[in-house]
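Visitor: just coords:
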Ligand SMILES: Nc1ncnc2c1ncn2[C@@H]1O[C@H](COP(=O)(O)OP(=O)(O)OP(=O)(O)O)[C@@H](O)[C@H]1O
Ligand SMILES: [Mg+2]
């Protein structure tokens, strides 16, 4: 996905990073690396510590242990932070009385960038016509675009996006996906967080999957999915209760998806088919879900792990 | 650092609260001058021109009346505007060295305070002097007091602004910080001064309002103590040091407690 121009950016290194908020362990001894020139999805369910990790990377939150660096330096020690890294964070806000363009001029000034960049980035995110409107009247999607514009003001090599699709409608999400690909096409490094793997699957090259503040998997998306292919079956049966107790007896992991539907994990059709036949369980359907992203994601982040399959690269 | 200051200047310029503060400075100066001319009046004449050094200085420093609470408000707004509008995150992302953010705010608050003084002087020169002339006074006599009044007025205004900035940093909540600084200078201080004298025979002259009056120096001597004529003011430089402490101590406390905290 990142073809064409030369690679821009520096590796992001998270090592032994932890953060406690009182008794809450938000991030727990987390280590991973983001390779330059690629789009890395930072994935995990709500409350898994993504935002906290990204805020530590940007020096907004002080780690309890470990460190997060960009090209070996802390963000605050970068000579030109907003020219090297652009960030779109959750729950940031704008002064409602400020006009979009004024906001961006302010951002440009703070980073020592030319104020004419304001119009360039407004154009990039499709807000050129709203440049003189006050931000207080902006819709959620427009604010998100304005945040992106702010992040791009210094033409940074690295973009850190925390759930950028929050609040966007389907068209907005499609736009964002194209936009990320476009930015990556210029060789930039992008670290983008999300709690939805499926939404990111078509966009990202690599994935870092976290749950409860801990690393569950890291690697290229293909490596993660291929390592797990065939690992999930789905069965539809009028005797789902019997099916479940049988799987329980056999020590096979499963999830009840609906009254008559059961997902069976970590087994192949060759294994499970004969087993069901021997026990005379009526099936309406038995399908190999293979590398179903959402199941993988759920599995990885439910805290159970995949046993012998280790997708960590 | 220059970048941060330039950005902060634009930030302040685009905050409505700042303009409200500025908008009030002009009418308050005029109000004070009106009162001053009225105070010189005698039977048959509601208003009369100012005579004598003290009154000449009062006319030139007429802005000080409003500034004693407008300057702290300006300082408070400069920092609490960020908390109120949740813009601290982007401010810190753009300028990750937080001391730099705070230093820029000190610079910008000072600058706006200087502008506040300029605005009040514009009111005095544009309206006050003409009015004084019309009442038969002498403009040149007023202008002659410039050196005695304006430096002290500037210094007192800037330090009153930092006083607001310090409490804003410490308290973070805009309304609370404004009530605290204004309440302290206007109500609590007067009360404490009277109590200190009545109970301990103590001349409590180091609270913000009295200290800034001392710093305003010749102007303040001309004014007499507004609240309490019996209060002996500090010398101008001691008043300046005390005022600096009233700004810097809360600023430092705020920095080491809330300002360095996690922004989540
Ligand atoms: N300031 C804070 N004080 C206390 N706990 C906090 C604070 N910030 C985050 N947490 C806790 O840390 C954990 C991780 O939160 P975080 O916001 O990093 O998760 P997230 O992965 O970004 O979730 P989401 O997908 O919902 O955005 C949560 O349990 C949260 O309650
Ligand atoms: Mg989050």
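Guide: Yep, it's here. If you're wondering where the values come from, they're calculated on a predicted model, not measured in any experiment. Numbers count the residues shown, from 1 in each chain, chains lettered A, B, ... in the order given. Ligands and ions are numbered 1, 2, ... in the order given.

Visitor: nearest residue to residue B:79 other than its sequence neighbours?
Guide: residue B:168 (4.0 Å; CB to CB, 6 or more residues apart in numbering or on different chains). Backbone N, C-alpha and C define where each C-beta goes, glycine included.

Visitor: sorry, wrong one. I was asking about residue A:252.
Guide: Using CB to CB, 6+ apart, the nearest residue to residue A:252 is residue A:267, at 5.7 Å.

Visitor: could you check how far the residue in the stretch 201-313 of chain A positioned nearest to ligand 1 is from residue B:134?
Guide: Ligand 1 sits closest to residue A:213 of the stretch 201-313 of chain A, with a gap of 6.7 Å, by CB to the nearest ligand atom. With distances defined as CB to CB, to the nearest Å, the gap from residue A:213 to residue B:134 amounts to 75 Å.

Visitor: cool, residue A:297 as well?
Guide: As judged by CB to CB, residue A:297 and residue B:134 stand 81 Å apart.

Visitor: show me which of these two is the more surrounded one.
Guide: residue A:297 (25 against 11; other CB atoms under 10 Å in any protein chain shown).

Visitor: for the more buried one, give me its contacts.
Guide: With contact taken as CB atoms under 8 Å, 6 or more residues apart in numbering or on different chains, residue A:297 is in contact with A:43, A:197-198, A:209.

Visitor: what about 6 Å?
Guide: Applying CB atoms under 6 Å, 6 or more residues apart in numbering or on different chains, we find residue A:297 in contact with residue A:197.

Visitor: that one and residue A:109, how far apart?
Guide: Separation of residue A:297 from residue A:109 (CB to CB): 42 Å.

Visitor: which residue sits closest to residue B:85, ignoring its sequence neighbours?
Guide: Nearest residue to residue B:85, sequence neighbours excluded (CB to CB, 6+ apart): residue A:95, at 4.7 Å.

Visitor: does residue A:119 count as helix, strand or coil?
Guide: State at residue A:119, reduced to three classes by DSSP: H, G, I helix; E, B strand; the rest coil: helix.

Visitor: what separates it from ligand 2, distance-wise?
Guide: According to CB to the ion, to the nearest Å, residue A:119 stands 31 Å off from ligand 2.

Visitor: for that residue, grab the count of nearby residues.
Guide: Neighbours of residue A:119 under the rule other CB under 10 Å: 14.

Visitor: phi and psi next, for residue 44.
Guide: I'll assume chain A. The phi/psi pair for residue A:44 (degrees, to the nearest 10) reads phi 180, psi 160.

Visitor: pretty sure it sits against residue A:210.
Guide: Yes - using CB atoms under 6 Å as the test, residue A:44 is close enough to residue A:210 to be in contact (3.9 Å).

Visitor: so who does the residue in the stretch 101-250 of chain B that ligand 2 sits nearest to touch?
Guide: For the stretch 101-250 of chain B, the residue positioned closest to ligand 2 under CB to the ion is residue B:172, at a distance of 23.2 Å. With contacts taken as CB under 6 Å, 6+ apart, residue B:172 has the following neighbours: B:83, B:258.

Visitor: got a pLDDT number for it?
Guide: At residue B:172 the predicted local confidence, pLDDT, stands at 89.

Visitor: neighbours of the residue of the stretch 201-313 of chain A closest to ligand 1, how many?
Guide: The tally of other residues near residue A:213 (other CB under 10 Å) stands at 23.

Visitor: I'd assumed residue A:50 was in contact with it.
Guide: No - under the contact definition of CB under 6 Å, residue A:213 does not touch residue A:50, with a separation of 9.4 Å.

Visitor: write out the residues of chain B neighbouring ligand 1.
Guide: Taking CB under 6 Å from any ligand atom as the contact definition, chain B meets ligand 1 at residue B:264.
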